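Colleague: Give me a 3D structure for the following:
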Amino acid sequence: MRRVLPLLTVVLGAAVVVRTLVAGVGGGVGLVLGLLLVAAGGARLYLDRSP
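Modeller: Here you go, the predicted structure:
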């Protein structure tokens with residue numbers, strides 16, 4: 001259950017990136033925010049893994 005929010009963050013970030021690219025905005029704010037969401041979710045998944 002601890003992985004649900006980070007996975008949701010990664011999926012949401014990827015959706016923002018895809019939507020921004022489909023809209024034709026190459027380097028807009030949506031691209032940056034989407035990549036930041038993917039990075040934050042990935043970092044949480046990486047740091048939450050069991051030793």
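Colleague: Tell me which residue lies nearest the centroid of this structure.
Modeller: V38 (2.2 Å; Cα atoms, centre = their mean).
Colleague: State the distance from that residue to G30.
Modeller: 12 Å (Cβ to Cβ, to the nearest Å). (C-beta placed from N, C-alpha, C; glycine too.)
Colleague: Quick check: neighbours shared by the two?
Modeller: In terms of Cβ atoms under 8 Å, 6 or more residues apart in numbering, V38 and G30 are both contacted by the residues V17.
Colleague: So what's the residue count around the closest residue to the residue nearest to the centre of the chain other than its chain neighbours?
Modeller: By the measure of Cβ to Cβ, 6 or more residues apart in numbering, the closest residue to V38 outside its immediate chain neighbours is G13, 3.7 Å from it. G13 has 20 neighbours, counted by other Cβ atoms under 10 Å.
Colleague: Wait, G13 touches L36, no?
Modeller: Yes - with contact defined as Cβ atoms under 8 Å, G13 reaches L36; the gap is 7.2 Å.
Colleague: thinking again about what came up before, spit out the contact partners of the residue nearest to the centre of the chain.
Modeller: T9, V10, G13, A14, V17.
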